[in-house]
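Participant: No letters, just coordinates:
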C-alpha cells in the first residue's frame, strides 16, 4: 500500500494515523536546477526520500510543500532567476504551522519535516514552533515535531566516496553531485546528463548582497558541477541517508 | 514536450514564457472524497484538466496549489473530517498572490487559475486582486488574470446527459458523478468503485452552522453518490470542459 | 423596545444577552446600486431584515458591518466603480472574528450572520471559523454560529411570483427586482424609480477577469433591471424570507 | 441634498467627488455610555457633527467607522464591560487605511477623519499614514489627510460656560456633560435623563493597569456625571465645535 | 548588583524573577531631539528612570524597546525628519506583546512598561492587551501589567518650579526643559547646551495633517526651548517622578 | 566623534548620511550565555564589532536590534531557558524591513547587517528582501544591502590558533571560546571566568526536536566551554574579523 497520504482514501489514512503512524512532511521548492534537471528537484527528492523512510518506520508521507522559500544566491543561485518560483518566509511558516495543526487534529502525535530545500529550514522551524504554541494553548501536549534536512544524514564516509576530490559543503551542492545522483537513481528520465555544465564550483562571498549581483551565479544556475553524478552514487546516498533518518525517527519517536 | 512547469528545466520554461505562453495555475485541496477515491482528487483533476487545456492553447501549467481552503459542509462535507487538510483563507490568498507576482516577474502576462476545489474560489480571487494592486504599484500594467472553476465549463447539454435523473447543483457534486467519472477516465487505478456508497444525496440546510453538526454529512463523506459514474462520462466531461475553457482562454487572452 | 443593539443602553443590552437572546449580525457594503438607489442598500436591507427576524425570535441585532468585501463584476458590477468602497478580504474576516469574540465575551451563545452582500460570504465564514478556534482554545465550547444570505430564504414559489418571465440567478440580482422591491417597501424615500435603467440583464462570462473589462458591466451599474420592482413584491419578499429565516434560527438554536 | 455618502446614489456621489468635495470620515464606537444613553453615542455624534461641518464646507460624509478600538478604563470605563464591542488596534488601522485608499481611488484629494471615540485616534493616524505610504508608492502624490477629535475644537470660553465648577479633562468626559448635552440636542429621544447617575467623577490613576480593576470604574460606566447636561449646552457645543472645525478644514484644504 | 537584565547572567536573572521581582520595560525611540541632544534620548531616559525606580522597588529592568512608533508632528516634530527612525504601530505592538509573553514564561507576574516616547503609548497598550488575551487562553491568569509614561508622575508642584512662566503641556515638551534637564543630570556629556535653539514654543494646530507641513516644526526640531534646563531641575524631576512611580508600582503590585 | 548613530544628534547624523556613509545595523539577542556572561552578549558584541568596522570604513552604526529570533537548541541552547527573551521570526523580519526603509528615507544607499546571533540570519535576510521589494515599488533603485555574520570573517589560520585542539563549528560556539574571548577583550568587567563551566561540548543530533528535550543542553547553557578563552584571543579575533569585514564592505560598496 502506498505511503503517500494523498493517494490514500480518507478512511484508510485515518486508520493509519489512529494506529500511531508518524507523519513525514516533505518540503521542497520550484527552483531552477540547471539545464539538466527540472524545476521540482527539491520537491520530488524530499518526497521520495520521505517515502523510503516512511516504509521503514511505518509512517505516512503527507502531500508535499511544493513551493518553498526564496532561493538565495549562496545556496541556490538566487531568486532573480526565471523559473524559480518562491514564497515569502511568512507564507512558508504559515503553511508549516497549518499542516502541523491539521495533522494534530487528525490525531497524529509524531510529525517530522523532511526538508529538501536549504532555504526553507528556518521558516519551517518557526512554523513548527508557532504550531506547538497554539496547540499547547488549546490543550494539546503530546505532540513531538522533528525537523531535518536529508543531506545532514549523509555520513562522512559516504561523502568521501562521493567526492573523492574533496567536498565543498552542502550549500554549494545546488544542482551538483548529490542532487543529480539522486535524480539519476530515482527519476532518470528527468535528467539529461548531456546538458550538465561541467564548470568549476561557484565562488561566492561569505556574506549576502541584495539585490544579488547576477554575475556571481554561474550561467548554468548550478553552484557546482553534476558531471560526476551517477545513479550508483544516488542509490548509495538514498540508502545511507534514509537508513540513518529512519534510525533517528525511530529513536526520537520511540517507535 | 510536457506542459507541466515543474517537469521542465528552468531554461526551457523561461523560453516558453518569453514566447508568450500563458500560465495556468491549478488549485486543489487535500480533502476526503469518500472511501472510493484518494485525498488529492481536487488537485490532480485540476492539474490534469489544466494540462489538457494547456496543450490546446499553448500554455504552461504551474506546479499546483496542493492544499486548499477549508472544506465546508455544504460543498465538501466539512473540515472536521480526518484526512481533510486545509489552510486558512489568508494563506490561500497569500499563496495565490505570491504565485502571480512570481510569474509576472518571469515575464508572464496572461495567468489563469484553474480551480478544482469549490471553497478556494474567493480566496484565490482576493490573492489575484492583491497581486494586481501590488504589481500596478510596481509599474506592471500589462497583466491579465482569469479565474475559473472547471465545472462551470460543463454545458447544460452535457449535464443532461450526465444526470438523466436531474442535477442537484455543483456544490453537492463532492465525491459524486462528476469527480468520480473524471477520475475513472484519467486515474482509474486510483478509484475503487466497489467502495462507492450509493446513498441518496445529502440534505443540507440553506445556511452554514459552525461548529458543523457532523450528522448532516453522510457517513461516506460524499454529498451525492458516484455510483453512476463511468469513464465514458469522464471522457465526455473532460472534452467538453477543456474545449470550452480553451475557447474562453484563447478569446480572453487574444491568443 | 428596539431590537437594535446600538440603540440600547449597555445595561438593557446586557440583560437581554444574559437572558439568552441570540445576536444577529447584519453584513452589508457600500456599493453602487445604480442611479435609482443609494450606496448603502446592502447594509440597510440586511439590517432591517435582521430586525424583522429578531422581533420574531427574540434576538438582538448588532450594529452592522457597514463596509464589505470588494464588489465583483459577476455579482456587483466590479470594484472599479466609483462610490463602491470596499475592504480587503482579510479585513472583513477579522471584523467578523472580532465581533464573534466580543459577543461571546458578553455571554452570547447563539450568533447569526445575516449577509446582504454576495461577496462577503466566504470572508464572514472564515472569520466565524477563526473565532470558534480561538474561543475553543480559550475554553469556550458552547457557542453556535449560523451564517446565511437572506435571499437564500426566498422559496421557489415566491421566485416564480416575483419573476414571472424567469429568474436569472441571485448573482445577477444586483440592483434588480429583489433589492429594489425591498427598498420600495422598507425605504421608499430612498428609491427613485424614474431613474431605473430598464435594460436587459448583463451578459457576463462564466469566469472572472482581472483587471475587469469595464464594458461588461452595464452603464447603470445594475446587473438586471429593477423596473418591475414594486413595494408589494418587497413586502412579500420580506415576509417570506424573514419567516423562513426565523424558523431556521429557532430550530437551529433550539429557541 | 443629503451630505451622507451612503444615502447618495453612486453617480451623484461621484460627481461631488470629481467636483472636489472633501470626504469626512466619522469614527465612533459601540461602547457603553451609562444607563441614560445608547451604545452608539460616539458613532452618531461624530457622524452628525461631521454632517454639520460638511454642510458648511461642501464635503461628503462617508459611512461611519461603526466599531472602534477597545475602550480604556481611563477614557471609556474599560473594555471588560458588557455592551462595549471593540476591535483590535490593527483592525481599526486597516479599516482606516482601506477607506483612504478607496476614497483616493474615487478621486478624493482631501480627506478628514472626524473622531468621536478617544481611543481610536492613534490607530486612525497609523492607518492614514500607511495609506499615504502605499498611495505614494502607487504614484498618488496629491492627497492630504486631516485627523481631528471633535472635542478638541471646543474652545476655552465654551468650556468655562459648560463647566462652571471646573473642567476635569476630556478623557473623563465619557458619558458626561459633553456627550449627554450633544445627545440631548441632536437625539433627545435616545437619552433618558432620569437614569443619569449623578455621582462624583471617577478617580483613576495616572497609569493603566491590565487586567483592569473593575472597581475603579463607577457602576454607571460613566466617568463623570451627565446630570448638568442640557440641550442648550449641546447646541452651543455643536455650533462652536463645527464652526471651528469648518474653519480649520477650509483653511487646511484651501477650499 | 545591576538592575539591568541584559547585564545579568541568565541564572542570576532567573533567581530574581523566581523571587518575585517585577519586570520594568523601558520603551523609547530613535528620534531627533534638536542639535543639543542625541537621537536616543527617549530610550536612555526611560531606561535610567526605570533603573532608579527598580532599585527602589526591587525590580529588574529589561533591555529597552530601542526603536519606537513614528514621531508625530504635534508631539515629536514629525516622522519626516532625518535621524528619526521609527517602526509601524503593528511592530511596536507585537514587540510589546512578545516581551510580555516571554517574561511571563520566565515566571514574572508583575510587568510595567515605562514609556519615554509619547507616541508609543497606545501601541504598547495594545500589545499588553493582546498578550493578556493569549496568556489567558494558555491558562496564565496571575499576570498584572502596568503601563505609564514617566512624565505623568511629575506633580503640579514640581511643574510649577520647573516652568515658572507657565507649562505648555507634555506634548510640546519634545526636546525642551524636561528632557534636557534630565539629560543634563543623568548624561551631561551627551548634551551641548551651546547648541540649544532658544526659540518660542512651536505653534501647532489642534489636529494632525498628513503629509506633515514641514514648516510647522521649528528648524531645531524641538517643540519648545530647552534653554532653561539645568541639571538641578533634572535631579528634581528624577527624584519626584521615580519616587511617585515607585509608590504606584509598590501599591499596585502589592510589593 | 562617535560612530554610533544614537549618540549623535540628528543634524550631525544626517550630514554623515548625506555624505555617503554606509549604515551598519548590529543584530543581537537577549539570550542566556552561561553563568559567566551576561544576557546581551550577542547585542554588545555585534555592536562593538560593527563600531570597529565603522571606524575603518567611515560608516555609521545604527542603534542595535536588541532582541533577536528564538534561541535554537543546536546553536543557542534552546528558547525554553529562562533569561532568553526572543521574538517571533515575523517580528525580526519586520524590524529589519522597517529599519532598511527608514535608513533609505534618510538617504542611505549602502546598508549592512552585522549579525551576532546565529538564529537571526534568515529572518534578517527576509526583512532586507522585503524592504528592497517595497523600495523598488516606491521608485528607489540605488540601494545595496549586505548581510553578514561576524564569525564568518574569522579565517582558517585564526581558527587554528584559537582552537589548537580542533574546531567544532560556529553553531557550537555559543558561550564558548569565541564569544568569551571577545567579551574578555572588549567588556572584561562583564565576564566572570571563575564561573565558566569547563565541560565537554554538547552532543546534539543532526536535526531539531520540538519541544526541545532540555537534557540535551548542558546545564551551563553553553554548547562548548569558554575555559580556554583569553583577552588576547579576543583581540586577535576582533582585529582579523573587523579587518576582513571592512575589506568586504569597502569592496562591495565601492567606498
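Facilitator: Yep, that arrived. Because the structure is a prediction, the values reported are computed rather than measured.
Participant: so what's the residue in the stretch 151-255 of chain A that chain C sits nearest to closest to, chain neighbours aside?
Facilitator: The stretch 151-255 of chain A approaches chain C most closely through residue A:253 (25.8 Å), counting by Cβ to the nearest Cβ. All C-beta atoms are positioned from the backbone trio N, CA, C, and that covers glycine. Leaving aside its sequence neighbours, residue A:253 sits nearest to residue A:110 (Cβ to Cβ, 6 or more residues apart in numbering or on different chains; 4.2 Å).
Participant: Please tell me how far the one you found sits from residue A:146.
Facilitator: Counting by Cβ to Cβ, to the nearest Å, the separation of residue A:110 from residue A:146 is 8 Å.
Participant: residues shared between the contacts of the two?
Facilitator: residue A:253 (Cβ atoms under 8 Å, 6 or more residues apart in numbering or on different chains).
Participant: So residue A:153 is in contact with residue F:205, correct?
Facilitator: No: the pair residue A:153 and residue F:205 fails to qualify as a contact (Cβ atoms under 8 Å) at a distance of 10.4 Å.
Participant: So for those two, which residues contact both of them?
Facilitator: Here residue A:153 and residue F:205 share the contacting residues residue A:248, scored by Cβ under 8 Å, 6+ apart.
Participant: Tell me which of the two has more neighbours.
Facilitator: More neighbours surround residue A:153 than the other of residue A:153 and residue F:205, with 23 against 16 (other Cβ atoms under 10 Å in any protein chain shown).
Participant: about what we covered before: my guess is the residue nearest to residue A:253 contacts residue A:103. True?
Facilitator: No: applying Cβ under 8 Å, one finds residue A:110 not in contact with residue A:103, separated by 9.5 Å.
Participant: Now the common contact residues for these two.
Facilitator: Common neighbours of residue A:110 and residue A:103 (criterion: Cβ under 8 Å, 6+ apart): residue A:23.
Participant: Same question for stretch A:160-174: list its buried residues.
Facilitator: A:162-163, A:167, A:170-174 (16 or more other Cβ atoms under 10 Å in any protein chain shown).
Participant: For that stretch, measure first residue to last.
Facilitator: End-to-end distance of stretch A:160-174 (Cα to Cα, to the nearest Å): 18 Å.
Participant: how far is that stretch from where the chain is centred?
Facilitator: Centre-to-centre, stretch A:160-174 and its host chain are 17 Å apart (Cα atoms, centre = their mean, to the nearest Å).
Participant: who touches it?
Facilitator: By Cβ under 8 Å, 6+ apart, stretch A:160-174 touches A:33, A:74-77, A:118, A:149, A:151-152, A:154, A:159, A:177-179, A:181, A:201-202, A:204, A:222-224, A:233, A:236-237.
Participant: residues from the stretch 151-255 of chain A in reach of chain F?
Facilitator: With Cβ under 8 Å from any Cβ of the partner chain as the criterion, the stretch 151-255 of chain A meets chain F at residues A:152-153, A:205-211, A:248, A:252.
Participant: Narrow those residues to those in helices?
Facilitator: Mapping these onto helices (DSSP state H) picks out A:248, A:252.
Participant: thought residue A:2 was touching residue A:12?
Facilitator: No: using Cβ under 8 Å, residue A:2 is not in contact with residue A:12; the gap is 9.4 Å.
Participant: what sits up against the one helix or strand residue A:26 maps to?
Facilitator: Assessed by DSSP states H and E, residue A:26 sits inside strand A:23-27. With Cβ under 8 Å, 6+ apart as the test, strand A:23-27 has contacts from A:5, A:17, A:43, A:46-47, A:49-50, A:53-54, A:59-62, A:64-65, A:68, A:96, A:99, A:103, A:108, A:110-117, A:120, A:124, A:249.
Participant: Buried ones among these?
Facilitator: Among those, those classed as buried by 16+ other Cβ under 10 Å are A:5, A:17, A:43, A:46-47, A:49-50, A:53-54, A:59-62, A:64-65, A:68, A:96, A:99, A:103, A:108, A:110-117, A:120, A:124, A:249.
Participant: Residue of the stretch 101-250 of chain A nearest chain E, please.
Facilitator: Distances between the stretch 101-250 of chain A and chain E by Cβ to the nearest Cβ are smallest at residue A:137, namely 4.4 Å.
Participant: Need phi/psi at the closest residue to residue A:48 other than its chain neighbours.
Facilitator: With sequence-adjacent residues excluded and distances taken as Cβ to Cβ, 6+ apart, residue A:48 is closest to residue A:186, at 5.2 Å. According to degrees, to the nearest 10, the main-chain angles of residue A:186 amount to phi -100, psi -40.
Participant: so residue A:186 touches residue A:41, yeah?
Facilitator: No: the pair residue A:186 / residue A:41 is not scored as a contact, 10.3 Å apart, by Cβ under 8 Å.
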